[in-house]
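Engineer: kindly return the folded structure for what I paste below:
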Amino acid sequence: LTVPDEKKRLALADEAAKGEWTSRDLEIAGRNLLWEKRVASSAGHAQPAPTSGEPPAIVLGMSTVLTGPAAALGINMRGGVDLAIAEHNKKRAAGTPQIKLTCLDDGYEPARTAPNMRELITKHHVLAVVGNVGTPTGVVAAPIAVAAKTPFIGAFTGAALLRATPPERYIFNVRASYHEEIEAMVATLIDKWKIQPGEIAFFTQRDAYGDAGWSGGVKALAAHGLKSTTGTLHVRYERNTLDVEGCVADLLGATTPPKAVIMVGAYAPSARFIRLCHQSKLNPLFLNVSFVGAESLASELGSDGDGVIVTQVVPPLDADLPAVKEFAAALATLPEGERPKASLGMLEGYLVGRITCEAIARCSGTPTPEQLTDALESLGEFDAGLGGKLRLSKDEHQASHVVWPSIIESGKVLSRSWESMVKPGGGGEPK
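Structural biologist: Numbering: from 1, shown residues only. As a prediction, the model looks like this:
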């Protein structure tokens, strides 16, 4: 959703006045308006106009979700990458190219992702594609990037299909995988809270994202003794919808209600599912993978969010770590009226952007996609300010393997260690 002019802004206001927009829609539209305003301003933004005599700018591309039920995920990712680029441009050496970001909306629909990718590569001549959001869109985007020999960096997905062994030369991941996130959940549920593998159900999106989470879950359960998934309850909903009533009905109809539900969905349908479960007197433990967007989920759930667990692939926003402090400082440079609220998704985008900019800085002049790929593989072990070393090399294309647990309490996302979470007797919520 790009609404840089007054005419479009008034059209949005008219739609809202007719009752066609929810409060969440208005919040998302407003955040897009703020981003467009920053794009139009050269002061401190990632896309300032080059001065006379400067080399042409390096263009990075992104196809992401900026509209629809998952819009906040793309907006946050874009905002974080944008911050890292702005930071790089301010610190770059004289005579070196500026970097700019070209971002296209795919609405979290693969059919829109393919033309976006081709436009970014053939029309905008991007050096790399960074921070794309989603597994179903990644299924389409990654092969196009690989075919064009264009680096595909830091996608907002933990799917195994982007994590081949040996790694695909042009695909680089920053975050931990969904399998690593779900393995951490399963280990806690079974080993610590003594829930049996057969008492764990799955709620997933009916597409490649949900399939990736289910596959990771099957592997994790098998490692903890489950012989067959025949009796494992697995409910699914359609992408970009809120049609989850059938999923709740399946839980109600189960011979033995599950004690825990591992969720692989977007924030709006996931929140509706949890709320309807509570209304139906179903109170299993709810555990979500990071893609859900913890802050957005907490906002949607309100008082129904207490005790909901979300695994994270970046540290908490209050962590005493250099990268988190530098992220906060970069965000603080934006004018107060144009400054979005910090989020974990934005922090992830910022880290993806910083790693990409660092690799670009290691190239001489204006790099080619091949030179950038070589630079990423040559990073080796490096300190990104996360409290431990990250690694990218020819045989390692996933920089981080760390999972941070968090829990929603009183509408806030709070960092917790697995050790500090206690599951009370009687199937109560962890605290």
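Engineer: which elements pack onto the helix or strand containing Glu180?
Structural biologist: Taking DSSP states H and E as the criterion, Glu180 maps to helix 178-187. With contacts defined as 3 or more Cβ pairs under 8 Å, 6 or more residues apart in numbering; DSSP states H and E, helix 178-187 has these neighbours: helix 208-223, strand 260-264, strand 309-312. Glycine gets a C-beta too; all of them are placed from N, C-alpha and C.
Engineer: mind checking pLDDT for the most centrally placed residue in the chain?
Structural biologist: Closest to where the C-alpha atoms of the chain average out (Cα atoms, centre = their mean) is Phe156, at 4.0 Å. We have a pLDDT of 97 for Phe156.
Engineer: list the neighbouring strands of whichever helix or strand comes after the helix holding Glu180 plus their orientation.
Structural biologist: Going down the chain from helix 178-187, the next helix or strand is strand 200-205, by DSSP H and E. Using DSSP bridges, the strands paired with strand 200-205 are strand 234-237 (parallel), strand 260-264 (parallel).
Engineer: hmm, Ala271 is touching Leu301, no?
Structural biologist: Yes: using Cβ atoms under 8 Å, Ala271 is in contact with Leu301, at 4.8 Å.
Engineer: tabulate the CA atom coordinates of the top helix by length along the chain in PDB.
Structural biologist: Secondary structure assigned by DSSP state H gives helix 71-91 as the longest helix of the chain. This file holds the C-alpha atoms of helix 71-91, laid out as PDB (Å, rounded to 0.1, in the frame of the first residue of the first chain):
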ATOM      1  CA  ALA A  71       0.800  -6.500   6.400                       C
ATOM      2  CA  ALA A  72       2.600  -5.700   9.700                       C
ATOM      3  CA  LEU A  73       5.200  -8.300   9.100                       C
ATOM      4  CA  GLY A  74       6.300  -6.800   5.800                       C
ATOM      5  CA  ILE A  75       6.100  -3.200   7.100                       C
ATOM      6  CA  ASN A  76       8.300  -4.100  10.000                       C
ATOM      7  CA  MET A  77      10.900  -6.000   7.900                       C
ATOM      8  CA  ARG A  78      11.100  -3.200   5.400                       C
ATOM      9  CA  GLY A  79      11.500  -0.600   8.200                       C
ATOM     10  CA  GLY A  80      14.400  -2.500   9.700                       C
ATOM     11  CA  VAL A  81      16.200  -3.000   6.400                       C
ATOM     12  CA  ASP A  82      15.600   0.700   5.700                       C
ATOM     13  CA  LEU A  83      17.200   1.700   9.000                       C
ATOM     14  CA  ALA A  84      20.300  -0.300   8.400                       C
ATOM     15  CA  ILE A  85      20.700   1.200   4.900                       C
ATOM     16  CA  ALA A  86      20.300   4.700   6.300                       C
ATOM     17  CA  GLU A  87      22.900   4.000   8.900                       C
ATOM     18  CA  HIS A  88      25.300   2.600   6.200                       C
ATOM     19  CA  ASN A  89      24.800   5.700   4.000                       C
ATOM     20  CA  LYS A  90      25.700   8.100   6.800                       C
ATOM     21  CA  LYS A  91      28.900   6.200   7.600                       C
END
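Engineer: what about the residue nearest to Leu66 when sequence neighbours are not counted, how many neighbours?
Structural biologist: Leaving out its chain neighbours, the residue that sits closest to Leu66 by Cβ to Cβ, 6 or more residues apart in numbering is Asp105, at 4.0 Å. By the criterion of other Cβ atoms under 10 Å, Asp105 has 21 neighbours.
Engineer: who does Asp105 bridge with?
Structural biologist: Asp105 forms beta bridges with Thr64, as assigned by DSSP bridges.
Engineer: surely it touches Gly68?
Structural biologist: No: if you go by Cβ under 8 Å, Asp105 and Gly68 don't touch, sitting 9.1 Å apart.
Engineer: poorly predicted segments of this protein, please.
Structural biologist: Scanning the chain for pLDDT under 70 picks out 1-52, 422-431.
Engineer: switch to 50 and redo it
Structural biologist: Scanning the chain for pLDDT under 50 picks out the ranges 1-27, 29-30, 33, 35-37, 39-48, 424-429, 431.
Engineer: so what's the residue nearest to Leu66 up against?
Structural biologist: When contacts are counted by Cβ atoms under 8 Å, 6 or more residues apart in numbering, Asp105 touches 1-2, 63-67, 74, 112, 116.
Engineer: cutoff 10 Å now
Structural biologist: 1-2, 32, 62-68, 71, 74, 78, 112, 116 (Cβ atoms under 10 Å, 6 or more residues apart in numbering).
Engineer: about what we covered before: looking at Ala271 and Leu301, which has the bigger crowd around it?
Structural biologist: Neighbours per residue (other Cβ under 10 Å) separate Ala271 from Leu301, with Ala271 holding more: 25 against 21.
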